[in-house]
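When you get a sec, could you give me coordinates for this:
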Amino acid sequence: ASQNLETPTWGTAGWSNGDTVEGRVAGALIDISDSANETPWDTYSEGAPTNIWTTFSGHVSNTFADFWNQRAGDGFNVSDSGALSSLYRNTIDYGFRDPLGNYVARTRPTPNPAQNYGYNTTSSYWSVVGVRSPVDYDLSLYDDRSQTALLAGSAQGTGVVDFVAVDSNQRAWGDYFPRVYVYSGSGDYTIQLAQGTDILNAGTTQGVFMGVSDVVAVRDVSLTAGVPVTFTVTPTSTSEDAELFVMSSDPANSGTWVRSRS
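Below is the predicted model:
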């Protein structure tokens, strides 16, 4: 008889989740060491079990958590973009925060349990993180990795894009941690971060390309007090369904530097 340890992940195999389940631990060690990576979270490969065996042979690991702490002490990869992601694929969550790249849309399965992300702001402009699902998933944005300092949330209804925007013209650059969770329904969803140095000048026309997987785009605008400006979004085809949101903040009120869709 044989048992496939390579493909099981959240909601499959009929196993319990976590670091006390033999199949999950074995699958995690395989995913760290092998070169056969499975989407969406197994993106790391050491190519051989050498590092794993080095930690095993140099320490007494009574639990998998012991092993993981010892692996970190040995200087081997335990990062969100590396081995920690392979653990998460095997339902072992040691604080994994799926890294979001700028204007890189990511498709993920039903966020049950809730799925957590991380990104950092790198420019003094607005940024936005948005979630699109065919059902009703909601979005929270936290200021800390442990996700205890809630900045804002977006909880719109079925089929509506949820987003939270941050004004880094006012707010210091730093790390942010979105969480996507189920209100109702199931199915794949898409999450995307948009930030940058793009400016839309009043009185000009600018093309904004968005592919079928894109969720959000962001522009900064400089306004003159007392001078009215009209913003118009014009789709290039009848198949497009674009929405335009104008966000603002008050330099004297830090509570306005993070804005949700509502």
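
CA atoms for contacts and neighbours, from now on please.
OK.

And the helix ranked longest in the chain, what does it pack against?
The longest helix of the chain (DSSP state H) is helix 22-33. When contacts are defined as 3 or more CA pairs under 8 Å, 6 or more residues apart in numbering; DSSP states H and E, helix 22-33 sits against helix 83-89.

And the helix it packs on, what's buried?
Neighbour-count burial for helix 83-89, counted by 16 or more other CA atoms under 10 Å, picks out 83-89.

can you check stretch 142-152 too?
Across stretch 142-152, burial judged by 16+ other CA under 10 Å covers 142-145, 147, 151-152.

neighbouring contacts of that stretch?
95, 97, 118, 140-141, 164, 175-179, 258-260 (CA atoms under 8 Å, 6 or more residues apart in numbering).

Go again with 7 Å.
140-141, 164, 175-178, 258-260 (CA atoms under 7 Å, 6 or more residues apart in numbering).

which of those are buried?
Neighbour-count burial (16+ other CA under 10 Å) is assigned, among the contacts of stretch 142-152, to 140-141, 164, 176-178, 258-260.

Let me know how buried the closest residue to residue 130 other than its chain neighbours is, in neighbour terms.
Spatial nearest neighbour of residue 130, excluding adjacent residues (CA to CA, 6 or more residues apart in numbering): residue 163 at 4.1 Å. Using other CA atoms under 10 Å, residue 163 is surrounded by 28 other residues.

distance of residue 163 from residue 12?
30 Å (CA to CA, to the nearest Å).

What of residue 239?
Separation of residue 239 from residue 12 (CA to CA): 36 Å.

Also residue 23?
In this view, residue 23 and residue 12 are 11 Å apart by CA to CA.

now residue 137
The span separating residue 137 from residue 12 equals 21 Å under the rule CA to CA.

Please say which of those two ends up with more neighbours.
More neighbours surround residue 137 than the other of residue 137 and residue 12, with 29 against 11 (other CA under 10 Å).
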